[in-house]
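Engineer: no FASTA, just this:
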């Protein structure tokens, strides 16, 4: 197993086609769809930054150049804002900009699955542990999910998976973990099962799209056979890695929205708008009226 190293890098697989949001995603990457006034990807990057991540690695694909442009200076816009004394807007933009050299972009030329997308980051990550954040999942909690995972990682090392509880009768819809020894801030994982048959799940803790993985996963993914959907599955690689390395789970306490699905995306917009003091007073009563009218 790799010696314990500081977690510095995070990988964001953003090459997906976003077919569930057509026709919008014909022109706009799904990661750039806005929740209130920020792109979905910004919420996920913010979570990584809160956890102390220093280097952001984006696995892109065809038609995703706008993501790279978003994390860059837009000279004309900034000059216009300066000329109009829009200082608040300038401050907002500068606060979102990564430090020069802290963002890397590489391409996944073909959609061959999440495992393959992660493998595409191998040369940028190198021989270091890294975080993996699925960009469709945006979260809200007193403590960010990845921040809690980093705290568990710094204490116990190994590999860490973010989990949440679902209704037991829905466990067959998710990747489920088995619950082992209790740890301070989490528990050991005894098994990982992708969509177990109804009534066979070892628990109701499902994997929520946040991972901290050791670099040995890359060698496994390099020769990983295609699995479900004829794609290279990350879960299959993690199961092999678990033969030689420990896995622990961090139970996240908060709200999670799957913005890769229309219902999750709409709910995220409502939730984060209601969290905003500058927006909630204008929408709370109209929302109640709309819901009452739909009954």
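Structural biologist: Right, received. Where do you want to start? All values derive from a computational prediction rather than experimental measurement.
Engineer: hey, where'd the strands end up in this structure?
Structural biologist: Counting by DSSP state E, the chain forms strands over residues 9-13, 34-35, 38-39, 55-60, 103-107, 130-133, 137-140, 159-165, 175-183, 186-194, 205-213, 247-251, 255-258, given from the N-terminal end onward.
Engineer: Now do the helices in the stretch 1-150 of the chain.
Structural biologist: With DSSP state H, counting those that start in this stretch as the definition, the stretch 1-150 of the chain shows helices at residue ranges 40-50, 65-70, 75-83, 87-96, 114-119, 122-125, 145-156.
Engineer: ok, and what's touching the fifth one?
Structural biologist: Helix 114-119 has contacts (C-beta atoms under 8 Å, 6 or more residues apart in numbering) with 11, 13, 15, 59, 108, 110, 132, 134, 213, 217-218, 221-222, 224, 231-234, 236-237. All C-beta spots, glycine's among them, are computed from the backbone N, C-alpha and C.
Engineer: Report the buried members of these.
Structural biologist: Among the contacts of helix 114-119, those classed as buried by neighbour count (16 or more other C-beta atoms under 10 Å) are 11, 13, 15, 59, 108, 132, 134, 213, 217-218, 221, 224, 231-234, 236-237.
Engineer: Contacts for stretch 177-186, please.
Structural biologist: With C-beta under 8 Å, 6+ apart as the contact definition, stretch 177-186 has outside contacts at 148, 151-152, 155-156, 160-161, 163, 187-193, 202-203, 205-207, 247-251.
Engineer: where's the residue of the chain most remote from its centre relative to residue 13, distance?
Structural biologist: Checked against the mean C-alpha position of the chain, the extreme residue using C-alpha atoms, centre = their mean is residue 83, at a distance of 36.8 Å. When C-beta to C-beta, to the nearest Å is applied, the distance between residue 83 and residue 13 equals 39 Å.
Engineer: cool, residue 248 as well?
Structural biologist: Between residue 248 and residue 13 the computed distance is 22 Å (C-beta to C-beta).
Engineer: isn't residue 273 right up against residue 279?
Structural biologist: Yes: proximity of residue 273 to residue 279 meets the contact threshold set by C-beta atoms under 8 Å, at 4.9 Å.
Engineer: Can you read off the backbone torsions of residue 203?
Structural biologist: Listed backbone geometry of residue 203 is phi -160, psi -170, with angles given as degrees, to the nearest 10.
Engineer: Now do the closest residue in space to it that isn't next to it in sequence, the pLDDT please.
Structural biologist: Here the nearest residue to residue 203 in space, its sequence neighbours aside, is residue 179; by C-beta to C-beta, 6 or more residues apart in numbering that works out to 4.9 Å. At residue 179, the pLDDT value in this model is 93.
Engineer: Right, I'll call it a day here.
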